[in-house]
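Asks: Let's see this in three dimensions:
(chains A and B, ligands or ions: 2)
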Amino acid sequence: MASDQRILDDLTSKEYEHGWSVDIASESAPKGLSEDIVKFISARKGEPDWLLEWRLKSYRKWLEMTPPEWANIHYPAIDYQSIIYYSAPRQKASPKSLEEVDPELLKTFERLGISLTEQKRLSGIAVDAVFDSVSVATTFRETLAELGIIFCSFSEAVREHPELVRKYLGSVVPPHDNYFAALNSAVFSDGSFCYIPHGVRCPMELSTYFRINAANTGQFERTLIIADEGSYVSYLEGCTAPMRDENQLHAAVVEIIALKNAEVKYSTVQNWYPGDKDGKGGIYNFVTKRGLCAGDHSKISWTQVETGSAITWKYPSCVLKGDYSVGEFYSVAVTNHHQQADTGTKMVHIGKHTRSRIVSKGISAGKSQNSYRGQVHVMKRAVNARNHSQCDSLLMGDRCGAHTFPYIDVENSSARVEHEATTSKIGEDQIFYCQQRGMDEESAVALIVNGYAKEVLNQLPMEFAVEAQKLLALTLEGSVG
Amino acid sequence: MMLTINNLQARVGDKAILRGINLSVKAGEVHAIMGPNGSGKSTLASVLTGREDYEVTGGDVTFNGKDLLSLSAEDRAREGIFLAFQYPVEIPGVSTVNFMKTALNQIREYRGEQALDAVAFLARMKEKMKLVEIDQSLLSRSLNEGFSGGEKKRNEIFQMAMLEPKLAILDETDSGLDIDALRIVATGVNKLRTPQNATIVVTHYQRLLDYIVPDFVHVLYQGRIVKSGGRDLALQLEEKGYDWIKAEAAAV
Ligand SMILES: Nc1ncnc2c1ncn2[C@@H]1O[C@H](COP(=O)(O)OP(=O)(O)OP(=O)(O)O)[C@@H](O)[C@H]1O
Ligand SMILES: [Mg+2]
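Replies: Ligands and ions are numbered 1, 2, ... in the order given. Down below sits the predicted model:
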């Protein structure tokens, strides 16, 4: 309706809140990608030979690959030679304590609402902060170390726990998995590493915060989480980037391994710069996230709130290998203006009695395109596998698109796979009802959208849920009538 | 005068629906509006509350000295106009509690009042729940989703109690209510009456007016108020139907 359109138009004019950048002296690799650059990165980080070899092999693999073309996204070909693959804030090689971290950097994170000073953090969330290509600080390490939990930057893990890294790196997402995973494997700069020992329930949320600051720089972080038998951890990931006219590439890989009886909950609030309202600039977000339920009765649960990025290409998946293992995927993906999102999940049922649950809530506004792409694959051995998928799309206005691509592939007749999908429009009736109770249009839309996404938001840790709600409202500001 | 409607005309698309409504409501009064299906009762409520589908083509409305038609829908609500909808809308995932908290605090902000804290809000809720005898479990569910017809209507009156409007318009709040619920809702409405507020009751049935006793009864027909009177007019309508009114209107 005409008035819907008007609300949509007003709501879409809000600017990105984290669009500032700071002047921090940084040290960068020259532009472009070659074996020399791969060697440069590896040398910068003082890596062992086996890792350099791994990178080079990945790089050579990548050279033979082509970017995937099956996703419902459109963008000009990326010039991989115009990207800077390594940029690090100039500071001591690896700060031993917060005192050694550049105060400007600490301030940057403060400004984002992330305090790295432990005594200030009442909320009890341990944070690993990644700025451009490197991890700058990890908090609460001693507390965690007492329980045998390792939570540190990826580079540090390579130095201090090479046996763990070597055993698991690439075990869930092999370098040749896809084009962007191969690229990441060649040039990944840093990221977070986490190991929860046998029988330990991690007493606090672990969190990684990613910030792209430098211009023309790609961010390629790598996260590896290993939950040993009977352990539990809840992990959060957040991210922002400055406003820039050019597109910046983000190609991360996250690997999770859950051993017998272990449970990992991974939550993301993705808020990379989405570009302006005319579609200029914004992050290209090509991310591979996969968890392996290696042991019996293990569980991996992905929750994502995707509001940022010009392009999102992302399918957090679960490989359910252990018998009775459980995979979950809860997603809210909002697109506005010219954003494009092609996101979903893959649940691969290998073990017996494996269960998976998919709840996807897409919200499209402006001229954006929002696609859900999901695959449920039940292999021969997976007796009694169960899946339930619920994919809902909410449209705001009539210039955006919502698409659903569910693929179901069942090789065992005892499996039960259910798929439900709905598409709805945010109703003028609903908005008027709210207005008649004294709410303005924006609050009405925020309320309706948060209600729509509630099942997913409920999965987030409390603090994050509040953030996510605000973010949803902010993303849609100016977009409904 | 709280509300003055002067020669109000409105249409949807090409169709003229309100064709010159005149009505004045003073604080403390209850007005009943009756009339056959499709005569424009809900349209009048929609136009007064600022629904955009309806285009005002003539006339004016003054509410407590303000030009009502120039205000946005939400500002009309914030000025104290409340509509109990004939067909309340479902909002999945949003509880009545959350809905009311958002509404109430926006209204308070408009009026320059502090937001209610959780304790004060809860206290107010408990008090109003009693008034309309509504169950807390209903208020925690998604607003109107899967509510029975009667539950929806009762929830509307609960919201009215929470927001304490100056002018409440009840659009067929009695339809769909069983006899006990009707009494409870009507009693609630009566308890909310003060010398400072007013109520417009849209109904088809005299029965509601036994509980909520009107000072005036108006008959709306083909977009005009064709007859006004006291509560005995409602009794007459109950007995004789609308034919005589239609005949009178045709004769004019
Ligand atoms: N949005 C609309 N689009 C088209 N016609 C409309 C619209 N709203 C109302 N009308 C028409 O206007 C006339 C008056 O409708 P309205 O709902 O105001 O009647 P009412 O008096 O409330 O009837 P009832 O007693 O059945 O509730 C009807 O003919 C109706 O079909
Ligand atoms: Mg009606």
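Asks: CA atoms for contacts and neighbours, from now on please.
Replies: Fine.
Asks: what does the stretch 1-150 of chain B put close to ligand 1?
Replies: In this structure, the stretch 1-150 of chain B approaches ligand 1 at residues B:12, B:17, B:36-43, judged by C-alpha under 6 Å from any ligand atom.
Asks: Walking through the stretch 301-450 of chain A, point out its strands one by one.
Replies: For the stretch 301-450 of chain A, the strands defined by DSSP state E, counting those that start in this stretch occupy A:311-314, A:317-320, A:326-335, A:340-349, A:355-364, A:369-378, A:386-395, A:401-410, A:416-425.
Asks: per-residue pLDDT, the residue of the stretch 201-350 of chain A found nearest chain B?
Replies: At 14.0 Å from chain B, A:Val332 is the closest residue in the stretch 201-350 of chain A, using C-alpha to the nearest C-alpha. A:Val332 is assigned a predicted lDDT (pLDDT) of 94.
Asks: who's it bridged to?
Replies: Beta bridges link A:Val332 to A:Val305, A:Lys361, judged by DSSP bridges.
Asks: What count of nearby residues applies to it?
Replies: When counting by other C-alpha atoms under 10 Å in any protein chain shown, one arrives at 29 neighbours for A:Val332.
Asks: Please apply the same query to B:Lys166.
Replies: B:Lys166 sits with 21 neighbouring residues when counted by other C-alpha under 10 Å.
Asks: Please apply the same query to A:Lys167.
Replies: A count of nearby residues for A:Lys167, using other C-alpha under 10 Å, gives 9.
Asks: What residues are bridge-paired with the residue nearest the centre of chain A?
Replies: Among the residues of chain A, A:Thr268 comes closest to the average C-alpha position under C-alpha atoms, centre = their mean, at 5.2 Å. In this structure, A:Thr268 has the following beta-bridge partners (DSSP bridges): A:Glu237, A:Gln304.
Asks: residue contacts, it?
Replies: For A:Thr268, the contact set (C-alpha atoms under 8 Å, 6 or more residues apart in numbering or on different chains) comprises A:236-238, A:303-306.
Asks: if we go to 10 Å?
Replies: Contacts for A:Thr268 were tallied using C-alpha atoms under 10 Å, 6 or more residues apart in numbering or on different chains; they are A:207-208, A:235-239, A:302-306, A:331, A:460, A:464, A:468.
Asks: my guess is the residue of the stretch 201-350 of chain A closest to chain B contacts A:Thr307, does it?
Replies: Yes. A:Val332 sits in contact with A:Thr307 when judged by C-alpha atoms under 10 Å, with a separation of 8.2 Å.
Asks: Near chain B, which residues of chain A are found?
Replies: Contact residues, chain A versus chain B (C-alpha under 10 Å from any C-alpha of the partner chain): A:1-3, A:427-441, A:443-444, A:447-455.
Asks: Now the buried members of the residues you listed.
Replies: Neighbour-count burial within the residues of chain A next to chain B applies to A:427-428, A:430-441, A:443-444, A:447-455; the criterion is 16 or more other C-alpha atoms under 10 Å in any protein chain shown.
Asks: Save the strands of the stretch 301-450 of chain A as JSON lines, and put in distance to A:Ser58 too.
Replies: Below are the strands of the stretch 301-450 of chain A laid out as JSON lines (distance: least, C-alpha to C-alpha, whole Å):
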{"stretch": "strand A:311-314", "distance to A:Ser58": "20"}
{"stretch": "strand A:317-320", "distance to A:Ser58": "22"}
{"stretch": "strand A:326-335", "distance to A:Ser58": "28"}
{"stretch": "strand A:340-349", "distance to A:Ser58": "23"}
{"stretch": "strand A:355-364", "distance to A:Ser58": "31"}
{"stretch": "strand A:369-378", "distance to A:Ser58": "26"}
{"stretch": "strand A:386-395", "distance to A:Ser58": "34"}
{"stretch": "strand A:401-410", "distance to A:Ser58": "29"}
{"stretch": "strand A:416-425", "distance to A:Ser58": "36"}
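Asks: With respect to ligand 1, which of those strands lies nearest?
Replies: Smallest distance to ligand 1 across the strands of the stretch 301-450 of chain A (C-alpha to the nearest ligand atom): 17.7 Å, for strand A:416-425.
Asks: picking that back up, tabulate the strands of the stretch 301-450 of chain A (JSON lines), appending distance to ligand 1.
Replies: Supplementary listing: these in JSON lines, determined by distance: least, C-alpha to the nearest ligand atom, whole Å:
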{"stretch": "strand A:311-314", "distance to ligand 1": "39"}
{"stretch": "strand A:317-320", "distance to ligand 1": "46"}
{"stretch": "strand A:326-335", "distance to ligand 1": "30"}
{"stretch": "strand A:340-349", "distance to ligand 1": "35"}
{"stretch": "strand A:355-364", "distance to ligand 1": "26"}
{"stretch": "strand A:369-378", "distance to ligand 1": "30"}
{"stretch": "strand A:386-395", "distance to ligand 1": "22"}
{"stretch": "strand A:401-410", "distance to ligand 1": "27"}
{"stretch": "strand A:416-425", "distance to ligand 1": "18"}
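Asks: pLDDT score for A:Ser153?
Replies: What the model reports as pLDDT for A:Ser153 is 87.
Asks: close enough to count as contact, it and A:Ser207?
Replies: No. Checked against C-alpha under 10 Å, the pair A:Ser153 and A:Ser207 is beyond contact range at 11.5 Å.
Asks: The longest strand belonging to chain A versus strand A:340-349: what angle between them?
Replies: Secondary structure of chain A per DSSP state E: the longest strand is strand A:282-293. Taking axes from the mean of the first three to the mean of the last three C-alpha atoms, to 10 degrees, strand A:282-293 and strand A:340-349 form an angle of 10 degrees between their directions.
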